[in-house]
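Enquirer: Any chance you can model this:
(one chain, ligands or ions: 1)
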Amino acid sequence: MNDGGAKPETLLRVAEIGGRGRSLVAAQSLRAGQVILRESPLLLYSAFPFLSSSVSPYCDHCFRLLASSAHHKCQSCSLVSFCSPSCFASHTPWLCESLRRLHQSSSSAFSDQPSDRQVQARFLLSAYNLAAASPSDFQILLSLQGSGSNGDSSSSATAAGFLHSLLSAVCPPLPVSISPELTAALLAKDKVNAFGLMEPFSVSDEKRSVRAYGIYPKTSFFNHDCLPNACRFDYVDSASDGNTDIIIRMIHDVPEGREVCLSYFPVNMNYSSRQKRLLEDYGFKCDCDRCKVESSWSEVEEDENEVMEEMENGDEEEEMENEDEEEEMEDSEGGNVEEVCGNGVDDESNFPHAYFFVRYMCEKESCFGTLAPLPPKTHDASRVLEYEGHCNSECKTVETACQKVIGYSDTDVPEFIYISKSYLTSLQYKYSFLFS
Ligand SMILES: C[S@@+](CC[C@H](N)C(=O)[O-])C[C@H]1O[C@@H](n2cnc3c(N)ncnc32)[C@H](O)[C@@H]1O
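Expert: Residues are numbered from 1 along each chain as shown. Purely as a prediction, here's the structure:
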(Lines give C-alpha, C1' and ligand atoms only; values in the text may rest on other atoms or scores of the structure.)
Protein backbone atom coordinates (compact mmCIF):
# COMPACT_ATOMS: atom_id res chain seq x y z
CA MET A 1 0.00 0.00 0.00
CA ASN A 2 1.27 3.45 -0.80
CA ASP A 3 1.27 5.35 2.47
CA GLY A 4 2.46 8.54 0.89
CA GLY A 5 5.50 9.23 2.99
CA ALA A 6 7.67 8.63 6.00
CA LYS A 7 7.73 5.50 8.14
CA PRO A 8 4.93 5.44 10.68
CA GLU A 9 7.39 5.04 13.60
CA THR A 10 8.75 8.53 12.94
CA LEU A 11 5.35 10.13 12.62
CA LEU A 12 4.09 9.93 16.20
CA ARG A 13 5.54 10.36 19.65
CA VAL A 14 4.09 9.37 23.01
CA ALA A 15 3.40 12.26 25.37
CA GLU A 16 1.81 12.45 28.80
CA ILE A 17 -1.07 14.91 28.69
CA GLY A 18 -2.62 15.95 32.00
CA GLY A 19 -5.89 14.16 32.66
CA ARG A 20 -5.56 12.01 29.55
CA GLY A 21 -2.58 9.77 30.36
CA ARG A 22 -0.37 8.61 27.51
CA SER A 23 -1.27 10.24 24.22
CA LEU A 24 0.01 10.11 20.66
CA VAL A 25 1.13 13.40 19.20
CA ALA A 26 2.17 14.26 15.64
CA ALA A 27 5.98 14.26 15.54
CA GLN A 28 5.81 16.08 12.20
CA SER A 29 3.02 17.54 10.13
CA LEU A 30 0.70 14.78 8.96
CA ARG A 31 -1.30 14.72 5.77
CA ALA A 32 -4.87 13.72 5.02
CA GLY A 33 -4.97 10.03 4.10
CA GLN A 34 -1.47 9.31 5.37
CA VAL A 35 -1.00 5.92 7.05
CA ILE A 36 0.41 6.81 10.45
CA LEU A 37 0.41 3.36 12.04
CA ARG A 38 0.05 -0.23 10.97
CA GLU A 39 0.10 -2.84 13.70
CA SER A 40 -0.46 -6.58 14.10
CA PRO A 41 -2.57 -7.78 17.03
CA LEU A 42 -1.05 -8.95 20.30
CA LEU A 43 -4.02 -11.24 20.62
CA LEU A 44 -7.25 -11.87 18.75
CA TYR A 45 -10.37 -13.65 19.84
CA SER A 46 -13.66 -14.55 18.28
CA ALA A 47 -16.75 -12.44 18.87
CA PHE A 48 -18.87 -15.56 18.34
CA PRO A 49 -20.74 -16.50 21.56
CA PHE A 50 -19.03 -19.51 23.09
CA LEU A 51 -22.10 -21.68 23.43
CA SER A 52 -23.76 -20.76 20.16
CA SER A 53 -25.50 -23.71 18.51
CA SER A 54 -24.14 -22.69 15.10
CA VAL A 55 -20.51 -23.09 14.15
CA SER A 56 -18.36 -20.05 13.54
CA PRO A 57 -17.76 -19.72 9.79
CA TYR A 58 -14.34 -18.09 10.34
CA CYS A 59 -10.81 -19.36 10.76
CA ASP A 60 -10.13 -19.19 14.49
CA HIS A 61 -6.70 -17.66 13.92
CA CYS A 62 -6.85 -15.20 11.00
CA PHE A 63 -10.66 -14.77 11.02
CA ARG A 64 -11.00 -14.97 7.24
CA LEU A 65 -14.21 -16.61 6.04
CA LEU A 66 -13.59 -20.37 5.75
CA ALA A 67 -13.97 -21.93 2.33
CA SER A 68 -16.45 -24.80 2.75
CA SER A 69 -14.09 -27.35 1.18
CA ALA A 70 -10.64 -26.60 2.53
CA HIS A 71 -10.59 -26.16 6.24
CA HIS A 72 -8.94 -27.87 9.14
CA LYS A 73 -11.21 -28.66 12.05
CA CYS A 74 -9.46 -29.43 15.32
CA GLN A 75 -10.15 -33.15 15.90
CA SER A 76 -9.38 -32.86 19.58
CA CYS A 77 -11.79 -30.18 20.75
CA SER A 78 -13.96 -30.16 17.59
CA LEU A 79 -14.80 -26.57 18.44
CA VAL A 80 -12.64 -24.51 16.12
CA SER A 81 -11.58 -24.64 12.48
CA PHE A 82 -8.68 -23.10 10.61
CA CYS A 83 -8.08 -22.13 7.02
CA SER A 84 -4.55 -23.52 6.77
CA PRO A 85 -2.02 -25.68 8.63
CA SER A 86 -0.10 -22.55 9.65
CA CYS A 87 -3.20 -21.05 11.27
CA PHE A 88 -3.89 -24.43 12.91
CA ALA A 89 -0.37 -24.32 14.43
CA SER A 90 -1.47 -21.38 16.62
CA HIS A 91 -3.96 -23.64 18.46
CA THR A 92 -2.02 -24.55 21.61
CA PRO A 93 -2.70 -27.77 23.56
CA TRP A 94 -3.67 -25.66 26.62
CA LEU A 95 -6.25 -23.65 24.69
CA CYS A 96 -7.60 -26.74 22.96
CA GLU A 97 -8.06 -28.61 26.22
CA SER A 98 -9.56 -25.56 27.94
CA LEU A 99 -12.11 -25.07 25.16
CA ARG A 100 -13.02 -28.74 25.23
CA ARG A 101 -13.47 -28.88 29.00
CA LEU A 102 -15.36 -25.60 29.12
CA HIS A 103 -17.75 -26.77 26.45
CA GLN A 104 -18.25 -30.17 28.09
CA SER A 105 -18.77 -28.86 31.56
CA SER A 106 -20.83 -25.87 30.54
CA SER A 107 -22.84 -25.47 33.65
CA SER A 108 -26.28 -24.03 33.36
CA ALA A 109 -24.87 -20.99 35.16
CA PHE A 110 -22.59 -20.38 32.17
CA SER A 111 -25.14 -21.17 29.49
CA ASP A 112 -27.51 -18.71 31.15
CA GLN A 113 -24.96 -15.93 30.79
CA PRO A 114 -25.48 -13.25 28.15
CA SER A 115 -23.44 -13.66 24.98
CA ASP A 116 -21.19 -10.76 26.07
CA ARG A 117 -20.04 -12.81 29.04
CA GLN A 118 -19.31 -15.79 26.80
CA VAL A 119 -17.19 -13.55 24.59
CA GLN A 120 -15.37 -12.30 27.70
CA ALA A 121 -14.59 -15.96 28.49
CA ARG A 122 -13.00 -16.23 25.05
CA PHE A 123 -10.88 -13.16 25.76
CA LEU A 124 -9.72 -14.56 29.09
CA LEU A 125 -8.76 -17.88 27.53
CA SER A 126 -6.69 -16.01 24.91
CA ALA A 127 -5.08 -13.82 27.57
CA TYR A 128 -4.23 -16.75 29.89
CA ASN A 129 -2.89 -18.62 26.87
CA LEU A 130 -0.70 -15.61 26.06
CA ALA A 131 0.60 -15.59 29.64
CA ALA A 132 1.80 -19.16 29.14
CA ALA A 133 2.95 -18.93 25.52
CA SER A 134 4.60 -15.49 25.50
CA PRO A 135 5.29 -13.91 28.90
CA SER A 136 6.84 -10.78 27.30
CA ASP A 137 3.70 -10.16 25.23
CA PHE A 138 1.61 -10.78 28.33
CA GLN A 139 3.59 -8.03 30.10
CA ILE A 140 2.73 -5.67 27.23
CA LEU A 141 -0.94 -6.53 27.70
CA LEU A 142 -0.61 -5.79 31.42
CA SER A 143 0.98 -2.40 30.69
CA LEU A 144 -2.16 -1.16 28.95
CA GLN A 145 -4.70 1.16 30.55
CA GLY A 146 -7.39 -0.42 32.76
CA SER A 147 -6.98 -1.81 36.26
CA GLY A 148 -10.30 -3.31 37.31
CA SER A 149 -9.58 -2.23 40.88
CA ASN A 150 -11.36 1.05 41.42
CA GLY A 151 -14.18 2.78 39.68
CA ASP A 152 -15.44 -0.37 38.00
CA SER A 153 -19.14 -1.09 38.34
CA SER A 154 -20.35 -3.86 40.60
CA SER A 155 -21.57 -5.75 37.52
CA SER A 156 -17.99 -5.77 36.15
CA ALA A 157 -16.72 -7.08 39.48
CA THR A 158 -19.42 -9.78 39.51
CA ALA A 159 -18.57 -10.81 35.96
CA ALA A 160 -14.88 -11.00 36.79
CA GLY A 161 -15.55 -13.10 39.90
CA PHE A 162 -17.86 -15.47 38.03
CA LEU A 163 -15.50 -15.97 35.09
CA HIS A 164 -12.45 -16.39 37.30
CA SER A 165 -14.12 -19.15 39.35
CA LEU A 166 -15.46 -20.87 36.24
CA LEU A 167 -12.19 -20.87 34.30
CA SER A 168 -9.97 -21.76 37.25
CA ALA A 169 -12.21 -24.74 38.01
CA VAL A 170 -12.30 -25.99 34.42
CA CYS A 171 -9.03 -25.13 32.65
CA PRO A 172 -5.85 -27.18 33.00
CA PRO A 173 -3.23 -25.58 35.24
CA LEU A 174 -1.06 -22.81 33.77
CA PRO A 175 2.65 -22.25 34.40
CA VAL A 176 1.74 -18.82 35.79
CA SER A 177 -0.64 -18.08 38.59
CA ILE A 178 -3.74 -16.05 37.75
CA SER A 179 -5.44 -14.39 40.72
CA PRO A 180 -9.04 -13.09 40.76
CA GLU A 181 -7.57 -9.54 40.79
CA LEU A 182 -5.52 -10.28 37.68
CA THR A 183 -8.60 -11.64 35.91
CA ALA A 184 -10.50 -8.43 36.82
CA ALA A 185 -7.60 -6.31 35.54
CA LEU A 186 -7.45 -8.26 32.27
CA LEU A 187 -11.17 -7.75 31.70
CA ALA A 188 -10.78 -4.03 32.39
CA LYS A 189 -7.94 -3.81 29.84
CA ASP A 190 -10.05 -5.64 27.29
CA LYS A 191 -12.94 -3.23 27.81
CA VAL A 192 -10.78 -0.14 27.33
CA ASN A 193 -8.42 -1.36 24.62
CA ALA A 194 -10.06 -3.97 22.38
CA PHE A 195 -10.81 -3.05 18.76
CA GLY A 196 -13.53 -4.87 16.85
CA LEU A 197 -12.80 -6.27 13.40
CA MET A 198 -16.08 -5.54 11.74
CA GLU A 199 -18.16 -7.56 9.35
CA PRO A 200 -18.40 -5.95 5.93
CA PHE A 201 -21.40 -3.72 5.45
CA SER A 202 -24.46 -5.58 4.26
CA VAL A 203 -27.75 -4.04 3.26
CA SER A 204 -29.71 -6.57 5.31
CA ASP A 205 -27.72 -6.10 8.52
CA GLU A 206 -29.40 -3.84 11.00
CA LYS A 207 -26.08 -2.97 12.46
CA ARG A 208 -22.60 -3.97 11.39
CA SER A 209 -21.53 -6.72 13.74
CA VAL A 210 -18.10 -7.56 15.09
CA ARG A 211 -16.36 -10.69 13.81
CA ALA A 212 -13.41 -10.72 16.18
CA TYR A 213 -11.74 -8.50 18.76
CA GLY A 214 -8.07 -7.63 18.84
CA ILE A 215 -5.64 -5.95 21.21
CA TYR A 216 -3.20 -3.63 19.42
CA PRO A 217 -0.88 -2.12 22.04
CA LYS A 218 0.50 0.86 20.11
CA THR A 219 -2.90 1.73 18.69
CA SER A 220 -4.20 1.61 22.25
CA PHE A 221 -2.28 4.81 23.01
CA PHE A 222 -4.66 6.88 20.89
CA ASN A 223 -7.02 8.90 23.04
CA HIS A 224 -10.59 9.65 22.08
CA ASP A 225 -12.04 12.76 20.51
CA CYS A 226 -15.66 13.13 19.39
CA LEU A 227 -14.38 14.82 16.20
CA PRO A 228 -11.36 12.61 15.52
CA ASN A 229 -8.54 13.55 13.18
CA ALA A 230 -7.63 9.94 12.39
CA CYS A 231 -9.55 6.70 11.90
CA ARG A 232 -8.87 3.01 11.64
CA PHE A 233 -9.18 0.46 8.88
CA ASP A 234 -8.87 -3.29 8.71
CA TYR A 235 -9.04 -5.66 5.77
CA VAL A 236 -9.84 -8.94 7.46
CA ASP A 237 -10.99 -10.70 4.28
CA SER A 238 -7.94 -9.64 2.31
CA ALA A 239 -5.95 -12.58 0.94
CA SER A 240 -2.62 -10.92 1.65
CA ASP A 241 -0.54 -11.27 4.82
CA GLY A 242 -1.41 -9.05 7.75
CA ASN A 243 -5.16 -9.23 7.14
CA THR A 244 -5.81 -8.68 10.85
CA ASP A 245 -3.49 -5.66 11.05
CA ILE A 246 -5.07 -2.41 12.08
CA ILE A 247 -4.24 0.60 9.94
CA ILE A 248 -4.62 4.15 11.18
CA ARG A 249 -4.97 6.91 8.62
CA MET A 250 -5.29 10.66 8.96
CA ILE A 251 -8.73 12.08 8.16
CA HIS A 252 -7.26 15.51 7.46
CA ASP A 253 -3.97 17.39 7.76
CA VAL A 254 -2.66 18.22 11.23
CA PRO A 255 0.40 20.24 12.20
CA GLU A 256 3.33 18.89 14.24
CA GLY A 257 2.59 18.80 17.98
CA ARG A 258 -1.18 18.25 17.64
CA GLU A 259 -2.61 15.23 19.46
CA VAL A 260 -3.90 12.54 17.10
CA CYS A 261 -7.17 11.01 18.30
CA LEU A 262 -9.63 8.36 17.18
CA SER A 263 -13.30 8.21 18.01
CA TYR A 264 -13.99 5.12 20.11
CA PHE A 265 -17.43 4.73 18.48
CA PRO A 266 -19.40 6.05 15.52
CA VAL A 267 -19.30 9.85 15.44
CA ASN A 268 -23.05 10.23 14.97
CA MET A 269 -23.86 9.34 18.59
CA ASN A 270 -25.49 12.17 20.48
CA TYR A 271 -23.94 14.06 23.38
CA SER A 272 -25.55 12.22 26.28
CA SER A 273 -24.96 8.76 24.76
CA ARG A 274 -21.31 9.63 24.13
CA GLN A 275 -20.80 10.96 27.63
CA LYS A 276 -22.48 7.91 29.18
CA ARG A 277 -20.42 5.48 27.11
CA LEU A 278 -17.13 7.28 27.78
CA LEU A 279 -17.77 7.43 31.51
CA GLU A 280 -19.05 3.88 31.90
CA ASP A 281 -16.69 2.07 29.55
CA TYR A 282 -13.60 4.29 29.53
CA GLY A 283 -13.82 6.07 32.89
CA PHE A 284 -13.52 9.69 31.81
CA LYS A 285 -15.65 12.74 31.19
CA CYS A 286 -15.08 14.01 27.68
CA ASP A 287 -14.54 17.74 27.37
CA CYS A 288 -13.50 17.91 23.74
CA ASP A 289 -14.46 20.99 21.70
CA ARG A 290 -17.57 19.27 20.37
CA CYS A 291 -18.75 18.17 23.82
CA LYS A 292 -18.14 21.64 25.27
CA VAL A 293 -20.52 23.04 22.67
CA GLU A 294 -23.10 20.26 22.82
CA SER A 295 -23.22 20.26 26.63
CA SER A 296 -25.23 23.47 26.46
CA TRP A 297 -27.68 22.19 23.89
CA SER A 298 -29.78 20.21 26.33
CA GLU A 299 -30.51 23.42 28.24
CA VAL A 300 -32.15 24.98 25.21
CA GLU A 301 -34.22 22.02 24.15
CA GLU A 302 -37.40 23.95 24.79
CA ASP A 303 -36.29 26.67 22.40
CA GLU A 304 -35.24 24.38 19.62
CA ASN A 305 -38.51 24.31 17.76
CA GLU A 306 -38.56 28.06 17.82
CA VAL A 307 -35.07 28.19 16.41
CA MET A 308 -36.02 25.77 13.67
CA GLU A 309 -38.94 27.96 12.78
CA GLU A 310 -36.67 30.99 12.60
CA MET A 311 -34.35 29.13 10.33
CA GLU A 312 -36.96 28.03 7.89
CA ASN A 313 -37.80 30.66 5.32
CA GLY A 314 -41.44 29.79 4.93
CA ASP A 315 -41.09 28.21 1.52
CA GLU A 316 -43.33 25.16 1.60
CA GLU A 317 -41.18 23.00 -0.58
CA GLU A 318 -38.12 23.73 1.44
CA GLU A 319 -40.09 23.07 4.61
CA MET A 320 -40.85 19.58 3.31
CA GLU A 321 -37.20 19.03 2.50
CA ASN A 322 -36.18 20.13 5.96
CA GLU A 323 -38.66 17.71 7.49
CA ASP A 324 -37.23 14.87 5.46
CA GLU A 325 -33.75 15.83 6.46
CA GLU A 326 -34.79 16.12 10.04
CA GLU A 327 -36.24 12.63 10.00
CA GLU A 328 -33.14 11.27 8.34
CA MET A 329 -30.85 12.87 10.83
CA GLU A 330 -32.93 11.74 13.79
CA ASP A 331 -32.69 8.20 12.51
CA SER A 332 -28.96 8.47 12.61
CA GLU A 333 -28.95 8.57 16.39
CA GLY A 334 -28.23 11.95 17.70
CA GLY A 335 -27.41 13.86 14.57
CA ASN A 336 -30.79 15.52 14.66
CA VAL A 337 -31.29 18.81 13.00
CA GLU A 338 -31.64 20.79 16.18
CA GLU A 339 -28.34 19.46 17.37
CA VAL A 340 -26.66 20.13 14.10
CA CYS A 341 -27.92 23.69 14.10
CA GLY A 342 -27.10 24.59 17.64
CA ASN A 343 -29.32 26.99 19.44
CA GLY A 344 -29.27 30.10 17.44
CA VAL A 345 -27.84 32.61 15.12
CA ASP A 346 -24.53 34.33 15.93
CA ASP A 347 -24.20 32.30 19.06
CA GLU A 348 -20.96 30.71 20.07
CA SER A 349 -22.69 27.44 20.76
CA ASN A 350 -22.69 26.77 17.03
CA PHE A 351 -19.95 24.50 15.83
CA PRO A 352 -18.81 23.26 12.45
CA HIS A 353 -19.17 19.57 13.13
CA ALA A 354 -22.10 19.37 10.79
CA TYR A 355 -19.53 19.90 8.06
CA PHE A 356 -17.55 17.04 9.53
CA PHE A 357 -20.54 14.71 9.17
CA VAL A 358 -21.26 15.80 5.63
CA ARG A 359 -17.71 15.28 4.60
CA TYR A 360 -16.27 12.50 6.71
CA MET A 361 -19.14 10.24 7.75
CA CYS A 362 -20.57 7.38 5.71
CA GLU A 363 -24.24 8.17 5.39
CA LYS A 364 -25.33 4.55 4.92
CA GLU A 365 -27.65 3.41 7.63
CA SER A 366 -26.09 0.62 9.70
CA CYS A 367 -22.62 1.91 8.86
CA PHE A 368 -22.01 5.54 9.86
CA GLY A 369 -18.29 4.77 9.70
CA THR A 370 -15.75 7.54 9.50
CA LEU A 371 -14.13 8.32 6.18
CA ALA A 372 -10.54 9.18 5.39
CA PRO A 373 -8.97 10.04 2.06
CA LEU A 374 -6.99 7.30 0.35
CA PRO A 375 -3.26 7.61 1.05
CA PRO A 376 -1.84 10.60 -0.85
CA LYS A 377 0.13 9.67 -3.95
CA THR A 378 1.14 13.19 -4.87
CA HIS A 379 1.44 16.45 -2.98
CA ASP A 380 -2.33 16.84 -3.03
CA ALA A 381 -4.58 14.94 -0.66
CA SER A 382 -6.71 12.37 -2.41
CA ARG A 383 -10.25 13.53 -3.00
CA VAL A 384 -11.49 9.97 -2.74
CA LEU A 385 -12.62 8.99 0.72
CA GLU A 386 -12.66 5.44 1.98
CA TYR A 387 -14.97 4.11 4.63
CA GLU A 388 -13.60 3.01 7.95
CA GLY A 389 -13.66 -0.76 7.95
CA HIS A 390 -15.45 -2.29 4.99
CA CYS A 391 -18.75 -0.94 3.86
CA ASN A 392 -19.33 -3.48 1.15
CA SER A 393 -17.67 -6.25 -0.76
CA GLU A 394 -15.74 -3.81 -2.90
CA CYS A 395 -13.96 -2.61 0.19
CA LYS A 396 -12.09 -5.86 0.60
CA THR A 397 -9.08 -4.54 -1.22
CA VAL A 398 -7.34 -1.40 -0.23
CA GLU A 399 -7.36 0.43 -3.50
CA THR A 400 -10.93 -0.34 -4.56
CA ALA A 401 -12.62 0.98 -1.50
CA CYS A 402 -16.18 2.10 -1.26
CA GLN A 403 -15.80 5.66 -2.30
CA LYS A 404 -17.25 9.08 -1.85
CA VAL A 405 -15.64 11.87 -3.79
CA ILE A 406 -15.22 15.01 -1.78
CA GLY A 407 -15.60 18.42 -3.20
CA TYR A 408 -18.08 20.18 -1.01
CA SER A 409 -18.10 23.87 -1.59
CA ASP A 410 -20.07 26.38 0.41
CA THR A 411 -22.96 25.99 -1.99
CA ASP A 412 -23.04 22.19 -1.67
CA VAL A 413 -23.47 22.29 2.08
CA PRO A 414 -27.06 21.51 2.98
CA GLU A 415 -29.05 24.52 4.05
CA PHE A 416 -29.99 23.14 7.42
CA ILE A 417 -26.43 23.55 8.59
CA TYR A 418 -26.06 26.97 10.04
CA ILE A 419 -22.83 28.14 11.57
CA SER A 420 -22.26 31.62 12.82
CA LYS A 421 -19.69 33.47 10.76
CA SER A 422 -17.92 35.07 13.69
CA TYR A 423 -17.55 31.76 15.45
CA LEU A 424 -16.38 30.13 12.27
CA THR A 425 -13.65 32.70 11.86
CA SER A 426 -12.45 32.09 15.38
CA LEU A 427 -12.25 28.38 14.65
CA GLN A 428 -10.74 28.62 11.22
CA TYR A 429 -7.24 27.96 12.43
CA LYS A 430 -8.12 24.68 14.07
CA TYR A 431 -10.90 23.60 11.74
CA SER A 432 -9.74 25.08 8.47
CA PHE A 433 -9.47 21.53 7.07
CA LEU A 434 -13.24 21.44 6.90
CA PHE A 435 -13.37 24.28 4.44
CA SER A 436 -10.34 23.68 2.24
C1 LIG B 1 -7.20 3.19 24.90
S2 LIG B 1 -6.65 4.07 26.25
C3 LIG B 1 -5.80 5.44 25.56
C4 LIG B 1 -4.39 5.60 26.11
C5 LIG B 1 -4.32 6.00 27.54
N6 LIG B 1 -4.38 7.45 27.68
C7 LIG B 1 -3.09 5.45 28.23
O8 LIG B 1 -2.48 6.16 29.02
O9 LIG B 1 -2.78 4.29 28.00
C10 LIG B 1 -8.17 4.73 26.80
C11 LIG B 1 -8.06 5.50 28.09
O12 LIG B 1 -7.38 6.75 27.89
C13 LIG B 1 -8.02 7.79 28.61
N14 LIG B 1 -8.59 8.74 27.64
C15 LIG B 1 -8.81 8.52 26.32
N16 LIG B 1 -9.32 9.61 25.73
C17 LIG B 1 -9.44 10.55 26.68
C18 LIG B 1 -9.93 11.89 26.70
N19 LIG B 1 -10.40 12.47 25.59
N20 LIG B 1 -9.93 12.56 27.87
C21 LIG B 1 -9.47 11.97 29.01
N22 LIG B 1 -8.99 10.70 29.07
C23 LIG B 1 -8.98 9.99 27.91
C24 LIG B 1 -9.09 7.13 29.45
O25 LIG B 1 -8.53 6.78 30.69
C26 LIG B 1 -9.40 5.87 28.65
O27 LIG B 1 -9.92 4.83 29.46
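
Enquirer: interface residues of the stretch 151-300 of the chain facing the ligand?
Expert: With the criterion set to Cβ under 6 Å from any ligand atom, the stretch 151-300 of the chain comes near the ligand through 192-193, 220-221, 223-224, 282-284, 286. The C-beta positions use only the backbone N, C-alpha and C, and glycine is treated the same way.

Enquirer: Swap in 5 Å and give it another go.
Expert: Neighbours of the ligand within the stretch 151-300 of the chain, by Cβ under 5 Å from any ligand atom: 192, 220-221, 223-224, 282-284.

Enquirer: Adjacent strands (with direction) for the helix or strand hosting residue 45?
Expert: Per DSSP states H and E, residue 45 falls inside strand 43-46. Partners of strand 43-46 in the sheet, by DSSP bridges, are strand 210-215 (antiparallel).

Enquirer: Give me the helices and strands touching the helix or strand just after the partner strand, please.
Expert: On the C-terminal side of strand 210-215, the closest following helix or strand by DSSP H and E is strand 223-224. Secondary-structure packing of strand 223-224 (3 or more Cβ pairs under 8 Å, 6 or more residues apart in numbering; DSSP states H and E): strand 21-26, strand 261-262.

Enquirer: Strand 223-224: what's the following helix or strand?
Expert: Criterion used, DSSP H and E; the element after strand 223-224 is strand 230-233.

Enquirer: got a list of contacts for that next one?
Expert: For strand 230-233, the surrounding residues in contact (Cβ atoms under 8 Å, 6 or more residues apart in numbering) are 36, 195, 219, 222, 246-251, 260-263, 369-372, 386, 388-389.

Enquirer: still on that earlier bit, could you dump the residues of the stretch 151-300 of the chain next to the ligand to a markdown table with pLDDT and neighbour count?
Expert: Shown next, in a markdown table, are these (pLDDT from 0 to 100; neighbours: other Cβ atoms under 10 Å):
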| residue | pLDDT | neighbour count |
| --- | --- | --- |
| 192 | 96 | 17 |
| 220 | 97 | 22 |
| 221 | 97 | 19 |
| 223 | 98 | 21 |
| 224 | 98 | 18 |
| 282 | 95 | 17 |
| 283 | 93 | 16 |
| 284 | 96 | 14 |
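
Enquirer: Quick check: the farthest pair among these?
Expert: Maximum pairwise distance among these (Cβ to Cβ): 16.1 Å, between 221 and 283.

Enquirer: Tell me where the protein has helices.
Expert: With DSSP state H, the ranges of helices along the chain come out as 85-88, 93-104, 108-111, 115-133, 135-142, 154-170, 180-193, 271-282, 289-294, 301-311, 316-331, 337-341, 353-360, 421-431.

Enquirer: looking at these, which has the lowest confidence?
Expert: Lowest mean pLDDT of the helices of the chain: helix 337-341, a mean of 35.

Enquirer: hang on, the earlier thing: got CSV for the helices and strands packed on strand 223-224, with mean pLDDT, distance to residue 77 and mean neighbour count too?
Expert: Listed next are those as CSV, based on pLDDT from 0 to 100; distance: least, Cβ to Cβ, whole Å; neighbours: other Cβ atoms under 10 Å:
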stretch, mean pLDDT, distance to residue 77, mean neighbour count
strand 21-26, 97, 38, 18
strand 261-262, 96, 36, 21
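
Enquirer: okay if I get those strands as a markdown table plus distance to residue 173?
Expert: What follows is the helices and strands packed on strand 223-224, written out as a markdown table (distance: least, Cβ to Cβ, whole Å):
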| stretch | distance to residue 173 |
| --- | --- |
| strand 21-26 | 35 |
| strand 261-262 | 39 |
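
Enquirer: Which one, of these, ends up nearest to residue 80?
Expert: Closest approach to residue 80 among those (Cβ to Cβ): strand 261-262, 30.6 Å.

Enquirer: Which residue does the chain have closest to the ligand?
Expert: Going by Cβ to the nearest ligand atom, the ligand is nearest to residue 21 of the chain, at 2.8 Å.

Enquirer: quick one on the thing from earlier: got a list of contacts for the strand holding residue 45?
Expert: Counting by Cβ under 8 Å, 6+ apart, 56, 58, 60-61, 63, 119, 122-123, 125-127, 130, 137, 141, 197, 211-215, 244 sit against strand 43-46.

Enquirer: mind redoing it with 6 Å?
Expert: When contacts are defined by Cβ atoms under 6 Å, 6 or more residues apart in numbering, strand 43-46 is touched by residues 56, 122-123, 126, 130, 212-215, 244.

Enquirer: what does stretch 163-170 give?
Expert: So stretch 163-170 is contacted by 101-102, 105, 121, 124, 180, 183 (Cβ under 6 Å, 6+ apart).
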